[in-house]
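Peer 1: Based on what follows, work out the 3D shape:
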Amino acid sequence: MLFNSLQYLVFLPVVFLTYWVLPQKLRVPLLLVASYVFYMSWKPIYGLLIFGLTLGNFLLVPFIAKSVDRKKLWLGIVVAANLITLAIFKYAYFAVGTIKSGLSVAGIDWREPHLHIILPLGISFFVFEFIHYAVDVYRGKPLVKSFINFSLFASFFPTQIAGPIKRYQDFIPQLDIKSKFKWEYVDEGMQLILMGLAKKVLLADNLALVAQAGFTHPEQFSAVDLWLITYAFAFQIFFDFAGYTDVARGSALLFGYKVPINFNLPYIASNVADFWHRWHISLSTWLRDYLFIPLGGSRGSRWLTNRNLFITMALGGLWHGAAMHFLVWGVYQGVMLIVHREYQNVLERIGVSKSVIQSKVYHAISVIVTFHVVCVGWVFFRADTATIAWKMLAKMAQVPVELLNFSFNQLEVLKIRDPLIFPSLLVLLPTLMLAHIAVNWLNDKKFYQRPPWAVQVGVMVALMCLLTIFSPDSSPRFIYFQF
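Peer 2: As a prediction, the model looks like this:
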């Protein structure tokens, strides 16, 4: 069931109305049932998978808390069980393909078995939530006593498919609060949902048509075209995932629950480390707390710190998908983080003053450079193979030569759709980012006040009209739909 589907348009109001009509003690069980209905609407059999993982973790993690001499052993068992389950469903084909490639290099022709495995929705997200729970209990955090509450923590339908990745210490206590209906839940929740759908349908889906054409047939486009196509994908994936997060947060808020934000204007980051503080925040903090720090974090030598960064981001790339181009993307991110750290060390050694680094000109240049560093990474992320990505980047490197004889009439990217749509989006996207920054600044300075209710309603109605008029003929599923 997709957030941008007619099914969800019916499902959410029914669950919302039933939730607030029922007495307090029946509300969490209702959400649990609704969450399983939501999950099993795609493939019912996988309801058994999430239930089995939930039951297994609920029964095994207490051994970590109660054990005196074997805490680490029990933690290893729980983490291994979760990771093996994830590996079977997500990486089996990748492993078989890698083995076949290795054998073919050795001259051995091996006919690999057909495994008939379909990747379950959201498995990467709820496995990470289970691991977080086990590790935090190992570190001394309290157990969850209620199986129903623990089950909802894993299966809560707004965050079930693509996060944000929740922390149980933040989510579970909300289930025990005796909440009363507040109109602000509907007010803020519906605004988030509509804004999320607008990001997805109006922006991401229109940009997806450009990105799809460009990444499917990159040989048909010039270097300038390919850069514009890469920009299109950069904003597509942002608005697609940020839109999903808005809908998830808005849906949760309808029931009085808060889930973490996942994005904070990532494309105004001034360096790669800053980008990862702003992009997919729930994942980047998870990787920091449960992979980077356990590896040693930055407590050791510079070499060990760089090694830990490299391993963390390489595995983070592989988490995104069982394919070589995702691994290369993760490795690239790790290398860029290491380059950033080394660059900072060089600036300190040569004595560059803080006034220069903190100047507006330096900051503006840093934002532009960081954005393009990130965009190069997006080529690896979006391309079907690492080979295609390298070919695209080689062609994109020729852009200085092309710009010497540049003409707008030569741009093939403008012919992908209506000639006005893509240029309009290229103007609109930076404008929206600047407007967002301005609103945040005014809010911080206490100059900004919440608009009157009538204005808010007018904006929401206008958004619904735009969604109806300017949405593409078909809306593709969310990029992180099956991770």
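Peer 1: so where do the helices sit in the stretch 1-150 of the chain?
Peer 2: Taking DSSP state H, counting those that start in this stretch as the test, the helices found in the stretch 1-150 of the chain are 6-21, 24-40, 46-66, 71-105, 123-138, 147-155.
Peer 1: so can I have TSV of those helices showing mean pLDDT, mean neighbour count and distance to Ala323?
Peer 2: Where you see a C-beta, it was placed from the backbone N, CA and C, and this is true even at glycine. Putting the helices of the stretch 1-150 of the chain into TSV (pLDDT from 0 to 100; neighbours: other CB atoms under 10 Å; distance: least, CB to CB, whole Å) gives the following:
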stretch	mean pLDDT	mean neighbour count	distance to Ala323
helix 6-21	91	14	29
helix 24-40	93	17	25
helix 46-66	93	17	22
helix 71-105	85	15	7
helix 123-138	93	23	14
helix 147-155	94	21	26
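Peer 1: With respect to Val401, which of those helices lies nearest?
Peer 2: Among these, helix 71-105 comes nearest to Val401, with 35.7 Å by CB to CB.
Peer 1: ok and that closest one relative to helix 123-138, angle-wise?
Peer 2: 150 degrees (axes from the mean of the first three to the mean of the last three CA atoms, to 10 degrees).
Peer 1: thinking again about what came up before, dump the helices of the stretch 1-150 of the chain to a markdown table, plus distance to Tyr231.
Peer 2: A markdown table is the format used below for the helices of the stretch 1-150 of the chain (distance: least, CB to CB, whole Å):
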| stretch | distance to Tyr231 |
| --- | --- |
| helix 6-21 | 30 |
| helix 24-40 | 34 |
| helix 46-66 | 36 |
| helix 71-105 | 30 |
| helix 123-138 | 27 |
| helix 147-155 | 37 |
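Peer 1: Which of those helices sits closest to Glu342?
Peer 2: Closest among the helices of the stretch 1-150 of the chain, once you apply CB to CB, is helix 123-138, at 29.7 Å.
Peer 1: which strands and helices sit next to that closest one?
Peer 2: The helices and strands touching helix 123-138, judged by 3 or more CB pairs under 8 Å, 6 or more residues apart in numbering; DSSP states H and E, are helix 46-66, helix 71-105, helix 147-155, helix 157-160, helix 168-175, helix 281-287.
Peer 1: so which of those helices gets nearest Val328?
Peer 2: Once these are compared by CB to CB, helix 71-105 is nearest, at 13.3 Å.
Peer 1: From the chain's centroid, how far away is the closest one?
Peer 2: Its chain's C-alpha centre and that of helix 71-105 lie 22 Å apart, by CA atoms, centre = their mean, to the nearest Å.
Peer 1: What of stretch 196-213?
Peer 2: Worked out by CA atoms, centre = their mean, stretch 196-213 lies 16 Å from the chain centre.
Peer 1: Quick check: phi and psi at the residue nearest the centre of the chain.
Peer 2: Nearest to the mean C-alpha position of the chain, by CA atoms, centre = their mean, lies His280 at 4.7 Å. Main-chain torsions, His280, degrees, to the nearest 10: phi 40, psi 60.
Peer 1: who touches it in this structure?
Peer 2: Residues near His280 by CB atoms under 8 Å, 6 or more residues apart in numbering: 163, 241, 262-263.
Peer 1: What about these, which one has the most neighbours?
Peer 2: Ranked by the number of neighbours (other CB atoms under 10 Å), the contacts of His280 place Gly163 first, at 28 neighbours.
Peer 1: If we ignore the residues flanking it in sequence, what's nearest that one?
Peer 2: Nearest residue to Gly163 in three dimensions, chain neighbours excluded: Phe125, at 4.9 Å (CB to CB, 6 or more residues apart in numbering).
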